[in-house]
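Participant: The amino acid sequence is not available; the structure is as follows:
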């Protein structure tokens, strides 16, 4: 059974940093695009960042470019999201996702094969 387990969420002041982690199991990590979505209550889930399955190219939403960095460790089947200079509008539940196999990007929420349960990030003013 495929699983994605996130950790690292919490409360941080605006301008601060957090690193989210996601450990994958039950599928071939290197064959899937791996990334992060986020959702604010009452709004649709939106893509934040993604690592391509083909060559691990990175992709970022415009709202987080220059502040967030996605990376992975294949030996640990883990993907990370380093979030710097956090803003109150980054407050959301962050979900780890996997799309594939051999997906070039994470596409939209309807294309995701596997979802984690989410980790809450709250940025205070």
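Facilitator: That came through, no problem. None of the values given here were measured: they were computed from a predicted structure. Numbers count the residues shown, from 1 in each chain.
Participant: now stretch 51-64, how far from the chain's geometric center?
Facilitator: Between the centre of stretch 51-64 and the centre of its chain there are 10 Å (C-alpha atoms, centre = their mean, to the nearest Å).
Participant: now swap in stretch 105-117 and tell me
Facilitator: 10 Å.
Participant: Report the rounded mean pLDDT for that stretch.
Facilitator: Average pLDDT, stretch 105-117: 91.
Participant: And the contacts of that stretch?
Facilitator: 2-6, 22, 24, 27, 32-35, 37, 44-45, 47, 50, 52, 59, 95-100, 103 (C-beta atoms under 8 Å, 6 or more residues apart in numbering). Every C-beta, even on glycine, is put in place using the N, C-alpha and C of the backbone.
Participant: what about that stretch, start to end distance?
Facilitator: 21 Å (C-alpha to C-alpha, to the nearest Å).
Participant: Just the buried residues of that stretch, please?
Facilitator: For stretch 105-117, the neighbour count (16 or more other C-beta atoms under 10 Å) marks 105, 106, 112, 114, 115, 116 as buried.
Participant: Can I get these in a markdown table including secondary structure?
Facilitator: Below are the buried residues of stretch 105-117 laid out as a markdown table (DSSP: H, G, I helix; E, B strand; the rest coil):
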| residue | secondary structure |
| --- | --- |
| 105 | coil |
| 106 | coil |
| 112 | coil |
| 114 | strand |
| 115 | strand |
| 116 | coil |
